[in-house]
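In: my questions concern the predicted model and sequence given below.
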Amino acid sequence: MTGLKQTCTTLEASLTGIGGLPPEEGVYRLQNVPQVYARAAEIVRSARRNLLVDAYGIPLARIQQAVEDAASRGVTCLVHAHRDGTSVDGCEVIESCRTEIPGEWLAVMADGREYLIAVISSDEKRVYQAVWSRNPFIAPCVYQGYLNKAMFYRITLMFGAGKSREEIGKELNRLWKVYGSNDPGSEALNELLEHL
């Protein structure tokens with residue numbers, strides 16, 4: 001029995017150094033609309049620090065409750081909505097115009113570590129294109145790109161409303177401090193790059 005106990009102890013000690021599974025690094029295509037909404041809701045539920053959603057009206061309505069639930073658990077949420085009069089409880093909303101593309105746009109990013117980008121038909125029967133990934137190199141870049149897009153729209157609207165350069169600069173700094181400077185995805189990317 002002591003030999004078996006010693007083997008178990010040795011095996012246990014060697015397994016502790018192995019660590020967890022490596023992150024899924026692929027970029028995966030989603031094939032149908034229910035799959036898109038299910039993955040989007042899963043990403044929203046997985047958010048721990050920040051969440052960024054860029055969406056047209058129909059997809060936003062489908063995941064809005066999950067986004068509001070994330071905000072109520074303390075996740076910092078920014079919603080870039082492509083329709084006027086959008087309100088999402090607990091979230092900062094940046095409104096902008098809808099680009100004329102066929103279908104409905106949805107992009108969801110959690111903690112700069114995972115994202116989904118999809119275009120579905122307006123009748124929600126067809127996926128034109130949809131991808132999801134947890135790639136530690138791509139996800140932070142996608143997050144920062146969508147953050148910059150939302151900030152651009154906010155600044156454009158402020159500029160159009162005649163706001164001063166100081167007001168615009170102050171708003172840029174505020175948005176960056178809240179949503180951009182220390183997202184976990186960028187931190188993870190920096191850590192990966194350090195160990196190459």
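Out: Perfect, thanks for sending it. Residues are numbered from 1 along each chain as shown.

In: every contact and neighbour count from this point should use C-alpha atoms.
Out: Fine.

In: quick one: the helices in this structure?
Out: 2-16, 33-46, 57-72, 138-160, 165-179, 184-194 (DSSP state H).

In: would you list those in a markdown table and tack on mean pLDDT and mean neighbour count?
Out: Listed next are those as a markdown table, based on pLDDT from 0 to 100; neighbours: other C-alpha atoms under 10 Å:
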| stretch | mean pLDDT | mean neighbour count |
| --- | --- | --- |
| helix 2-16 | 65 | 10 |
| helix 33-46 | 97 | 19 |
| helix 57-72 | 97 | 19 |
| helix 138-160 | 91 | 18 |
| helix 165-179 | 89 | 14 |
| helix 184-194 | 63 | 15 |
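
In: could I get the ones you listed as TSV with distance to D84?
Out: Formatted as TSV, these follow (distance: least, C-alpha to C-alpha, whole Å):
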stretch	distance to D84
helix 2-16	53
helix 33-46	22
helix 57-72	10
helix 138-160	13
helix 165-179	20
helix 184-194	30
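
In: list just the one of these that sits closest to A118.
Out: Comparison of the helices of the chain against A118 by C-alpha to C-alpha identifies helix 33-46 as nearest, at 7.3 Å.

In: quick one: contacts of that closest one?
Out: By C-alpha atoms under 8 Å, 6 or more residues apart in numbering, the surrounding residues in contact with helix 33-46 are 30, 51, 59, 62-63, 66-67, 70, 108-110, 114-116, 118, 120, 124-127, 130.

In: what of stretch 97-111?
Out: Taking C-alpha under 8 Å, 6+ apart as the rule, stretch 97-111 contacts 40, 43-44, 46-60, 82-84, 115-122, 128, 139, 142-143, 183-185.

In: now do stretch 147-156
Out: Against stretch 147-156 from outside (C-alpha under 8 Å, 6+ apart): 52, 80, 94-96, 168, 171-172, 175, 179-180.

In: which of those residues sit farthest apart?
Out: L52 and I168 (21.0 Å).

In: excluding its backbone neighbours, what's nearest the residue nearest the centre of the chain?
Out: The chain has M109 as the residue nearest its centroid, 0.8 Å off, counting by C-alpha atoms, centre = their mean. Setting aside the residues directly before and after it, M109 is nearest to Y115 in space (C-alpha to C-alpha, 6 or more residues apart in numbering), at 4.3 Å.

In: check what pLDDT that neighbour gets.
Out: Confidence at Y115, expressed as pLDDT, is 97.

In: burial of it, as a residue count?
Out: By other C-alpha atoms under 10 Å, the residues close to Y115 number 28.

In: and it, what is it in contact with?
Out: Residues near Y115 by C-alpha under 8 Å, 6+ apart: 43, 107-109, 132-134, 139, 142-143.

In: what sits against G26?
Out: Listed by C-alpha under 8 Å, 6+ apart, the contact set of G26 reads 133-135.

In: no further queries at this time; thank you.
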